[in-house]
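> take this sequence and fold it.
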Amino acid sequence: MAKRAKPGARETALDRVVAVVNDKGGVGKTSLAANLGGQFAGAGYRCLLIDLNRQANLADDLGYRGQDIDDEGAGLLASILTGAPLRPAQDVRPQLDVVCGGSRLEDLTPVMVSRLQHHGRGAFRALGDVLAPVAGDYEVIFIDCPPESTILTDLALASARWVLMPTKSDLGGLLGMTLVAERFALAREINPGLRLLGVVLFATGTGARAIQGEALAAIDDAFGGTSPRFETTIRHAERTAQDARRLGKLAHELEVEAAAQPAWWEELRSGSRTKRISATAASVAGDYRALGVEVLSALQAAENAEKPRRRARRPRTTP
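Predicted structure coming up:
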């Protein structure tokens, strides 16, 4: 069993852990975690993704469902049960490792309910305890949180330094965000270093300025009028989203494949009937690149503001 990290060492090790959270499903949590992690890794950062979702949507976004590395959450469950350090699947993409989620995480909820009864809310520190020994191997760690599972979300919030919250501009996404704001306040009772890195609007129309303004006002209201918000929005592109899940490719990977595919008229002349990748992949990939720069800049600014408690490692400012 792994030796429990000393409190100070534990918190320092978890300084680059970002929980991607919203209590509403379908607001872009998995897409954000996968695409930001994939783009950072492609730029040379060592990144880790942790999938807390029983549906394991990261397995679809990264194309490893059913492969040998896909343990369906068994490794994550075993680590929390025994206290042994996490053992991520290596190099799902170059520089990108993954702790898989899946159906085995269904057993995690009753385990945590029992621990809560015996140890109180401090039991939620369990994920951080098994992550801390390996966290130093990575420059950025994203936790993809499930919707409507308060216990698994609380595990993430107790282990993270930062919260990245995607939301859509509809009522459901904003309500989910408001519920997380309440859990955020509770989580800080056992994880006082937890901070909101920022809120990002996901799958919005690029010209819907009035709706975006209303959504941003609701975000400010949920977090007391001082919420950090990212300027970049991730545009709605249904065809690109379908291509990504169908092919197990990230937006910047689809961008490369779309640029390399023959012109439509060449396919028509040759008689080939392959399913084409939407050209909108380039625009979506550009959105993620712009958001990535903002995320890294926000991390750097926050770390520079708190240098006394920061380790020497610093993020570069452009992916």
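> which strands and helices sit next to the longest strand along the chain?
Secondary structure of the chain per DSSP state E: the longest strand is strand 195-204. Applying 3 or more CB pairs under 8 Å, 6 or more residues apart in numbering; DSSP states H and E, we find strand 195-204 packed against helix 29-42, strand 162-167, helix 171-187, helix 209-222, strand 234-235, helix 281-305. In short, each C-beta sits where N, CA and C put it, glycine included.
> ok, residues contacting stretch 69-80?
With CB atoms under 8 Å, 6 or more residues apart in numbering as the test, stretch 69-80 has contacts from 50-52, 54, 56, 59, 64, 84-87, 89, 92, 98-105, 107-108, 111, 126-127, 130.
> could you report the pLDDT at the closest residue to Ala282 other than its chain neighbours?
Among residues not flanking Ala282 along the chain, Glu255 sits closest, at 4.7 Å (CB to CB, 6 or more residues apart in numbering). Looking at Glu255, its pLDDT reads 92.
> number of residues surrounding Gly38?
Counted with other CB atoms under 10 Å, the neighbours of Gly38 add up to 25.
> again but with Gly122, I slipped
Number of residues near Gly122 (other CB under 10 Å) recorded here: 12.
> quick check: it touching Ile190?
Yes: with contacts counted by CB atoms under 8 Å, Gly122 reaches Ile190, the gap being 5.8 Å.
> for the spatially most central residue of the chain, give its distance to Leu49.
By CA atoms, centre = their mean, the chain has its centre lying nearest to Ala33, at 3.0 Å. Distance from Ala33 to Leu49, counting by CB to CB, to the nearest Å: 6 Å.
> and for Gln90?
Counting by CB to CB, the gap from Gln90 to Leu49 is 12 Å.
> these two: who's more crowded?
Between Gln90 and Leu49, counted using other CB under 10 Å, the more crowded position is Leu49 (31 against 9).
> which helices and strands sit right next to the helix or strand hosting that one?
Secondary structure assignment for Leu49, by DSSP states H and E: strand 47-51. Counting contacts by 3+ CB pairs under 8 Å, 6+ apart, strand 47-51 is packed against helix 29-42, helix 57-61, strand 96-99, helix 126-135, strand 140-144.
> now the angle between strand 140-144 and it, please.
Calculated by axes from the mean of the first three to the mean of the last three CA atoms, to 10 degrees, strand 47-51 forms an angle of 10 degrees with strand 140-144.
> what mean pLDDT does strand 47-51 get?
98.
> report the distance from that strand to the chain centre.
Here strand 47-51 shows a centroid-to-chain-centroid distance of 8 Å under the convention CA atoms, centre = their mean, to the nearest Å.
> same deal with stretch 155-167?
Put simply, stretch 155-167 sits 9 Å off its chain's centre (CA atoms, centre = their mean).
> okay, now the unreliable bits of this structure?
1-8, 169-179, 203-227, 262-274, 307-319 (pLDDT under 70).
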